[in-house]
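[1] This is a predicted model, with the sequence first.
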Amino acid sequence: MTRRPFDLQCNGGHGVDFNADGLDAAAVRGACRAIRAAGGGRILATVITDRLDRMEARIARLAALHAADPDVRDVVAGIHVEGPFISPLPGFVGAHPAAHVIAADVAAARRLVEAGDGLVRIVTLAPEHDEGLATVRWLASRGIVVSAGHCDPSLDLLARSVAAGLSAFTHLGNGCPLMLHRHDNVIQRVLATDALRWVMVIADGVHLPPPMLGNVIRRIGVDRTIAVTDATAAAGMGPGRYALAGRDVVVDVGGAAWAEDRSHLVGSTATMNDVRRVLAEEVGLDDATIETIVAVNPARAVGLDG
């Protein structure tokens, strides 16, 4: 039996930004139905870096919509909090607003987790900005998947973070500068850290060139790889101007989503059907392998494979 895909990083889609303030219930219901129609299954609605109180309010709103609407519950299986505990350095901060990045802090993490009323499944943070790895330990002790991302930890710190409870890495090959040391860089360190249980990759054919995507999957192994869309409100739409957390996203004719100055990508326009096509036609994976990395592994990662 084919399993429903499970997208662990979905910022929105089909014209709806999950990072908007005061999300409209009907709009979110419509987006969830559209995600299913475009080959999706379950998702983690992803809330990115902003002022802490705004993040709290957005997480709480998603939790309220989840509680109230069976169509939303059918698709939204939880929440992925990406930031604000990431690296503020250029390149590593990516599309996140550096002004709202803060060092990891257990009290702040508790505020975000409690706003989700049990729905926060993943928190992405930078281990090098978590003193004593206290936030990693606190989150892991509560059964939340702690994922490194938008970060530049040393190989030793990655190992110590895994020992403290870190179990995943968010969108390997992205959330880092365009130019890196060719030997000692965060991509190579993650590839060398076999103790990391899960490694997520944005499989839209844009964030990672298909040959690199294939290389990463071969090195990490099918049993540890998770493909995500990193979809934004622009997913399933077309060229034009969209929003992510109050900032403009410009989609070109090729389907890439850019910051207004074209300095970096801002999420993707991919649906799960697009991801399957890239993995099959451009990477050359068979159906069973694709199902493993888009459905089986993500469900196992967040403990929802029953």
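    Perfect, thanks for sending it. Numbers count the residues shown, from 1 in each chain.
[2] Show the residue spans covered by the strands in this structure.
    For the chain, strands defined by DSSP state E occupy the ranges 6-10, 12-13, 16-17, 42-48, 76-82, 120-125, 145-148, 166-169, 198-202, 225-228, 240-244, 247-251, 257-258.
[3] Just the C-alphas of the fourth one, formatted as PDB.
    Just to be clear, that refers to strand 42-48. This file holds the C-alpha atoms of strand 42-48, laid out as PDB (Å, rounded to 0.1, in the frame of the first residue of the first chain):
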ATOM      1  CA  ARG A  42       0.500  15.200   5.800                       C
ATOM      2  CA  ILE A  43       2.700  18.200   6.500                       C
ATOM      3  CA  LEU A  44       4.400  20.100   9.400                       C
ATOM      4  CA  ALA A  45       3.300  23.700   9.000                       C
ATOM      5  CA  THR A  46       6.600  25.600   9.300                       C
ATOM      6  CA  VAL A  47       6.900  28.900  11.300                       C
ATOM      7  CA  ILE A  48      10.200  30.800  10.700                       C
END
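[4] biggest helix in the protein by residues?
    helix 52-68 (DSSP state H).
[5] Need the nearest residue in space to H207, chain neighbours excluded.
    N174 (5.0 Å; C-beta to C-beta, 6 or more residues apart in numbering). Glycine gets a C-beta too; all of them are placed from N, C-alpha and C.
[6] And for S154?
    R189 (7.3 Å).
[7] and the gap between that neighbour and W198?
    16 Å (C-beta to C-beta, to the nearest Å).
[8] and the angle from the longest helix of the chain to strand 120-125?
    Taking axes from the mean of the first three to the mean of the last three C-alpha atoms, to 10 degrees, helix 52-68 and strand 120-125 form an angle of 160 degrees between their directions.
[9] quick revisit: look at the residue nearest to S154 and report its pLDDT.
    Reading off the confidence values, R189 has pLDDT 98.
[10] contacting residues for R197?
    167-168, 224, 301 (C-beta atoms under 8 Å, 6 or more residues apart in numbering).
[11] Pick out the most distant pair among those.
    S167 and R224 (10.4 Å; C-beta to C-beta).
[12] So for the two, which residues contact both of them?
    What both S167 and R224 touch, as defined by C-beta under 8 Å, 6+ apart, is the set 196-198.
[13] residue contacts, I43?
    Contacts of I43 by C-beta under 8 Å, 6+ apart are 6-8, 10, 35, 75-77.
[14] no no, A164
    Contacts of A164 (C-beta under 8 Å, 6+ apart): 133, 136-137, 140.
[15] Relative to S167, how far out is A109?
    Applying C-beta to C-beta to A109 and S167 gives a distance of 16 Å.
[16] who has more neighbours, those two?
    Remark: of A109 and S167, A109 carries more neighbours, 25 against 19, as counted by other C-beta atoms under 10 Å.
[17] Spatially, and excluding backbone neighbours, which residue is closest to the more buried one.
    T135 (5.2 Å).
[18] do you know how far that neighbour is from A259?
    28 Å.
[19] can you check F169 too?
    For F169, the distance to A259 (C-beta to C-beta) stands at 23 Å.
[20] Who has more neighbours out of these two?
    Under the neighbour definition other C-beta under 10 Å, F169 and A259 were set side by side, and F169 has more, 29 against 16.
[21] so who does the nearest residue to G91 once chain neighbours are set aside touch?
    Leaving aside its sequence neighbours, G91 sits nearest to P177 (C-beta to C-beta, 6+ apart; 2.8 Å). Neighbouring residues of P177 by C-beta under 8 Å, 6+ apart: 90-92.
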